[in-house]
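Trainee: Got a sequence here, can you model it:
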Amino acid sequence: MPTPLSPLGPSPTAAAPAVEDEGRYLALQTRDARFDGRFFTGVTSTGIYCRPVCSVRTPRRENCRFFAMAAQAESAGFRPCLRCRPEMAPQSLAWSVQDASGILVQQAVRLLDAPEGWARDNTQGATVARLAERLGVSDRHLRRIFEAALGVSPLQYLQTRRLLTAKQLLTDTPLPITQVALSSGFGSVRRFNTAFAEHYGLNPTQLRKSGSVEGAGSTGTLRLAYRPPLDVAALLAFFERRRFLGVEWVQQEGEGAPALRRTVRLSPAVTGGLEATGWLSARFDTTRHQVLLQTSDSLYPVLPVVIARVRAMLDLDAEPSAINAVLHGRFPDGDGLRVPGAFDGFELAVRAVLGQQITVAAARTLGQRLVERLGEPIATPWPELGRLFPPPSVLARAEGDVLGQMGIVRQRQAAIVALAQAVDSGALALHAGADVAATTAALCALPGIGDWTAQYIAMRVLRWPDAFPAGDVALHKALGVQGQKNPARAATEASAAWRPWRSYAVLRAWAQLPLPGAAAAQKPL
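Mentor: Got it, this is the predicted structure:
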């Protein structure tokens, strides 16, 4: 088995330890998908860098240079492989809850990865300054610790993310090149063409016309890779038990490729313009460890945002080897479990409020009424999908009588309206790049929202791997602490050994409870 690798790794100018490089080369020889995205191989004889799963003939060892991320390889002068397509690889980043510099780098990378901010950050000289200001540090300090940890500057990292995103849109979609440039965060087509040619040695039109690469041809299907193992059945079953009719539809094994389909809405604050609505279909190709994503044409202009949200919703960037190294001893049957995310953070937050202190079935019934009464109709290719979840602007103005007629109690009415008003005004942002501590504090300041709800939202919306709803009754039962005087404290003490992966520990603990019966029914919505 290859030697475990550090996701951050060395800078591209420093020699990696020989034993680590040998482990990487072994993973490259065996095309081990568990290491996809955890390193890239630059081949000096061709000037190309590849994923470890690339199907081309394995290069000679002396011709290989190894990098922990694509930005490092591109900074060293290598171009992305047109066959294995590095833009499809899952992201990789080490998590820390103790090292201050590591936490800052994590936050910076999460913000740079978020396409929602790309369109606003077209002036490169201001990008790092804005990022540093948001993180509460000087831009000099941010550059210093970023380069020390990753071996590239924040601008180099962002440029690689934009270019690889553009490369995927050029290969998999018929989007006009102008739209590809703007969607990928470039301020002009000229700037995009220049950056593309400088990094990749060909212009966007040449890439699109090359029909020899695997998966080319603008099929409209985007390929999103993940690292195995991934328990697809468990992930889809989680969504199936919580789905609102008309908004979501799940297809399990035996009925074709397992898939999740849903209607979606993206606000003007995200798109940088008009509201975008449509549908998406995410099918699992478990043989190739990929998700095949298709969307309505209406979502093409915002595809980078859609891709990022689907990856978060299905937890495609999880690193099972790192997680299992901490959790396998206590939860040996959960190695393939992922933390289900959310495409829309506001929708999930409303679900969490509805699910307070009631069963999944009861909360789903309330949510279904909300969708049918206040959701908008939308046309899709499937009869199972036909409604949008109501947006914050609608629920912010919802009157108590309307919500009360749905069976929503007064306390939760107030919580939903306050939540909607905070999101609609821009005072509260619910997405994967949001600051965890500030967002959970803001949530707890709203009426009717406590720590359990805030932690659940942090786990599924903010994508914080160390979230822990200590007061969860089902969690107490799964951990065997429900009979103690202070079960929340006992659960928290038990969880110390699982950091920084307590969100995954929660999912594995819930999975130990039998589905039939009251205990399982109390799992959150």
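
Trainee: which residues of the chain fall in strands?
Mentor: Using DSSP state E, the strands of the chain run over 40-43, 48-50, 64-67, 79-80, 222-225, 248-251, 259-266, 276-285, 290-295.

Trainee: who wins for proximity to residue 343 among those?
Mentor: Smallest distance to residue 343 across the strands of the chain (C-beta to C-beta): 5.7 Å, for strand 259-266. Yep, even glycine has a C-beta here, placed from its N, CA and C like the rest.

Trainee: the inter-axis angle of that closest one versus strand 276-285?
Mentor: Angle of strand 259-266 versus strand 276-285, following axes from the mean of the first three to the mean of the last three C-alpha atoms, to 10 degrees, is 160 degrees.

Trainee: Work out the gap between strand 259-266 and the centre of the chain.
Mentor: 15 Å (C-alpha atoms, centre = their mean, to the nearest Å).

Trainee: With stretch 235-243 instead?
Mentor: 17 Å.

Trainee: Next: stretch 333-345.
Mentor: When distances are taken as C-alpha atoms, centre = their mean, stretch 333-345 is centred 10 Å away from the chain's centroid.

Trainee: Buried ones in it, by neighbour count?
Mentor: Residues 334, 335, 336, 337, 338, 339, 340, 341, 342, 343, 344, 345 are the ones in stretch 333-345 that count as buried (16 or more other C-beta atoms under 10 Å).

Trainee: can you redo these as a markdown table with distance to residue 371?
Mentor: What follows is the buried residues of stretch 333-345, written out as a markdown table (distance: C-beta to C-beta, whole Å):
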| residue | distance to residue 371 |
| --- | --- |
| 334 | 31 |
| 335 | 35 |
| 336 | 31 |
| 337 | 28 |
| 338 | 25 |
| 339 | 24 |
| 340 | 19 |
| 341 | 20 |
| 342 | 15 |
| 343 | 15 |
| 344 | 12 |
| 345 | 17 |
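
Trainee: Was I right to think residue 432 contacts residue 463?
Mentor: Yes: if you go by C-beta atoms under 8 Å, residue 432 and residue 463 touch, sitting 4.3 Å apart.

Trainee: what is in contact with the two at once?
Mentor: Listed as contacting both residue 432 and residue 463 by C-beta atoms under 8 Å, 6 or more residues apart in numbering are 312, 341.

Trainee: Who has more neighbours out of the two?
Mentor: residue 463 (25 against 22; other C-beta atoms under 10 Å).

Trainee: that older thread, keep only those of the buried residues of stretch 333-345 that are in helices.
Mentor: Secondary structure defined by DSSP state H assigns residue 345 of the buried residues of stretch 333-345 to helices.

Trainee: Please identify which of the buried residues of stretch 333-345 is nearest to residue 177.
Mentor: Taking C-beta to C-beta as the measure, residue 177 sits nearest to residue 343 out of the buried residues of stretch 333-345, at 27.5 Å.

Trainee: So the closest one is in contact with residue 311, correct?
Mentor: No: the criterion here is C-beta under 8 Å, and residue 343 misses it with residue 311 at 10.5 Å.

Trainee: what's near enough to touch the residue nearest to the spatial centre of the chain?
Mentor: Against the mean C-alpha coordinate of the chain, by C-alpha atoms, centre = their mean, the closest residue is residue 312 at 2.1 Å. Neighbour list for residue 312: 341, 342, 432, 463 [criterion: C-beta under 8 Å, 6+ apart].

Trainee: and the two most separated of the buried residues of stretch 333-345?
Mentor: Of all pairs in those, the most separated under C-beta to C-beta is 335 and 344 at 28.9 Å.

Trainee: Flag the shaky bits of the stretch 1-150 of the chain, pLDDT-wise.
Mentor: Along the stretch 1-150 of the chain, segments meeting pLDDT under 70 span 1-17, 97-98, 119-126.

Trainee: neighbouring contacts of stretch 242-250?
Mentor: With C-beta under 8 Å, 6+ apart as the test, stretch 242-250 has contacts from 236-237, 239-240, 259-263, 351, 360, 364, 367-368, 371-372, 375, 382, 384-389, 525.

Trainee: Which among those residues count as buried?
Mentor: Buried residues within the contacts of stretch 242-250, counting neighbours by 16+ other C-beta under 10 Å: 236-237, 239, 259-263, 351, 360, 364, 367-368, 371, 375, 385-389, 525.

Trainee: can you tell me which of those residues are in helices?
Mentor: Among the buried ones among the contacts of stretch 242-250, the members falling in helices (DSSP H) are 236, 237, 239, 351, 360, 364, 367, 368, 371.

Trainee: Need the worst-confidence member of those residues.
Mentor: Least confident of these in the model: residue 360, at 91.

Trainee: State the distance from it to residue 315.
Mentor: Distance of residue 360 to residue 315, given as C-beta to C-beta, to the nearest Å: 20 Å.

Trainee: ok, now residue 327?
Mentor: Here residue 327 is placed at a distance of 14 Å from residue 315 (C-beta to C-beta).

Trainee: just residue 304 next, same as before
Mentor: Using C-beta to C-beta, we find residue 304 at a distance of 19 Å from residue 315.

Trainee: Using PDB, write down the CA coordinates of stretch 362-373.
Mentor: Output in PDB follows, covering the C-alpha atoms of stretch 362-373 (Å, rounded to 0.1, in the frame of the first residue of the first chain):
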ATOM      1  CA  ALA A 362     -43.100  14.900  10.700                       C
ATOM      2  CA  ALA A 363     -40.500  17.500   9.600                       C
ATOM      3  CA  ARG A 364     -40.700  16.300   6.000                       C
ATOM      4  CA  THR A 365     -44.500  16.700   6.100                       C
ATOM      5  CA  LEU A 366     -44.200  20.300   7.300                       C
ATOM      6  CA  GLY A 367     -41.600  21.100   4.600                       C
ATOM      7  CA  GLN A 368     -43.800  19.500   1.900                       C
ATOM      8  CA  ARG A 369     -46.600  21.800   2.900                       C
ATOM      9  CA  LEU A 370     -44.200  24.800   2.700                       C
ATOM     10  CA  VAL A 371     -43.200  23.800  -0.800                       C
ATOM     11  CA  GLU A 372     -46.700  23.200  -2.100                       C
ATOM     12  CA  ARG A 373     -48.100  26.500  -0.600                       C
END
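
Trainee: Which residues does that stretch contact?
Mentor: So stretch 362-373 is contacted by 241-247, 350-351, 354-355, 387, 389-390, 402, 406-408, 525 (C-beta under 8 Å, 6+ apart).

Trainee: Drop anything exposed from those residues.
Mentor: Here, 16+ other C-beta under 10 Å leaves 241-244, 246-247, 350-351, 354-355, 387, 389-390, 406, 408, 525 buried among those.

Trainee: Which members of those define the maximum pairwise distance?
Mentor: Farthest pair in the buried ones among the contacts of stretch 362-373, by C-beta to C-beta: 241 and 390, 21.5 Å.

Trainee: does residue 300 really touch residue 180, like I thought?
Mentor: No: applying C-beta under 8 Å, one finds residue 300 not in contact with residue 180, separated by 9.8 Å.

Trainee: Common neighbours of these two, please.
Mentor: residue 173.

Trainee: out of those two, which sits in the busier spot?
Mentor: residue 180 (26 against 20).

Trainee: which residues does the more buried one contact?
Mentor: 166, 169, 170, 173, 192, 204.

Trainee: Over to residue 404?
Mentor: Counting by C-beta under 8 Å, 6+ apart, residue 404 touches 410, 413.

Trainee: now stretch 83-96: how far from the chain's centre is it?
Mentor: Counting by C-alpha atoms, centre = their mean, stretch 83-96 comes out at 12 Å from the chain centroid.

Trainee: now do stretch 142-152
Mentor: Going by C-alpha atoms, centre = their mean, where stretch 142-152 is centred and where its chain is centred differ by 23 Å.

Trainee: Buried residues in that stretch, which are they?
Mentor: Those would be 142, 143, 145, 146, 147, 149, 150, 151, 152, for stretch 142-152 by 16+ other C-beta under 10 Å.

Trainee: returning to that earlier point: against residue 381, how distant is the residue nearest to the centre of the chain?
Mentor: Counting by C-beta to C-beta - residue 312 and residue 381 are separated by 24 Å.

Trainee: Many thanks, we can stop here.
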